[in-house]
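Enquirer: Quick one, structure for this:
(chains A and B)
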Amino acid sequence: QKEVEQNSGPLSVPEGAIASLNCTYSDRGSQSFFWYRQYSGKSPELIMSIYSNGDKEDGRFTAQLNKASQYVSLLIRDSQPSDSATYLCADDSGGGADGLTFGKGTHLIIQP
Amino acid sequence: GAVVSQHPSWVICKSGTSVKIECRSLDFQATTMFWYRQFPKQSLMLMATSNEGSKATYEQGVEKDKFLINHASLTLSTLTVTSAHPEDSSFYICSARALDSSSYEQYFGPGTRLTVT
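Expert: You can find the predicted model right below:
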């Protein structure tokens, strides 16, 4: 059974610091990985997608993928209180034809 | 772009009745739509995958006769919860993948909160 593992937290980070979120996945065949942000009572919002080993940067966000270690991470630079949310890691091992397998999410708290 | 809507945003129904939830891709055509369910303090769990014009594929443990999915067009999929029970109370979220997309990104609707009394 495909699994995506995340530390549920909460992860508390001071405002302005770097928040580091981690995720591991079990399916070696997975090729596509996603980070979603979910505020309480809302649906997930896509932050980043990453398909190749290495880093991918988008504004304050950097996603990192290491397929050999089956590890995905998300760095948030200059953390803001508005970044406080649950961050969901997901993989898509079906090449777009299947739904996503989500981790349980990491609850991030940015302390002003 | 890539906006997905759901209707209704919340619904309360009595045990034993049926509820229909609509999912629409507003500015793109979706080859595939997905239905997820999220219980409090838990992550999203995929219920079924829906392709336009064909039968939905259900995940293990999801009753296809209870959760009826119809994908009538490239912009509309519906989920009907039949004979709802209190344990069906949950947050139901659909997502869609664009027809002409070269990426595997899925765009989520705002969700429908179902409460069965």
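
Enquirer: contacts and neighbour counts: CA atoms only from here.
Expert: OK.

Enquirer: can you pull the buried residues of stretch B:43-57?
Expert: Buried positions in stretch B:43-57, judged by neighbour count with 16 or more other CA atoms under 10 Å in any protein chain shown: B:43-52, B:56-57.

Enquirer: so does that stretch get close to chain A?
Expert: Yes - for stretch B:43-57, a contact with chain A is found by CA under 8 Å from any CA of the partner chain, at B:43-46, B:48-49.

Enquirer: Now residue 6. Nearest residue, chain neighbours left out?
Expert: Just so you know, I chose chain A. With CA to CA, 6 or more residues apart in numbering or on different chains as the measure, residue A:23 is the residue that lies nearest to residue A:6, at 4.9 Å, once sequence neighbours are left out.

Enquirer: you looked at the wrong chain, it should be chain B
Expert: Counting by CA to CA, 6+ apart, the nearest residue to residue B:6 once its immediate chain neighbours are dropped is residue B:23, at 4.6 Å.

Enquirer: neighbours of that neighbour, just the number please.
Expert: As a burial measure, residue B:23 scores 28 neighbours (other CA atoms under 10 Å in any protein chain shown).

Enquirer: quick one: contacts of the host helix or strand of it?
Expert: Take DSSP states H and E as the rule and residue B:23 turns out to sit in strand B:19-25. Strand B:19-25 is touched from outside by B:2-8, B:13, B:75-82, B:84, B:94, B:96, B:109, B:112, with contacts defined as CA atoms under 8 Å, 6 or more residues apart in numbering or on different chains.

Enquirer: so how far is residue B:15 from the residue nearest to residue B:6?
Expert: According to CA to CA, to the nearest Å, residue B:23 and residue B:15 sit 23 Å apart.

Enquirer: So what sits opposite residue B:116 in the bridge?
Expert: On the basis of DSSP bridges, residue B:116 is bridged to residue B:13.

Enquirer: Bridge partners for residue B:4, pull those for me.
Expert: Beta-bridge partners recorded for residue B:4 (DSSP bridges): residue B:25.

Enquirer: Might you report the residue contacts of it?
Expert: Applying CA under 8 Å, 6+ apart, we find residue B:4 in contact with B:23-26, B:95-96, B:107-110.

Enquirer: Give me the buried subset of those.
Expert: B:23-25, B:95-96, B:107-110.
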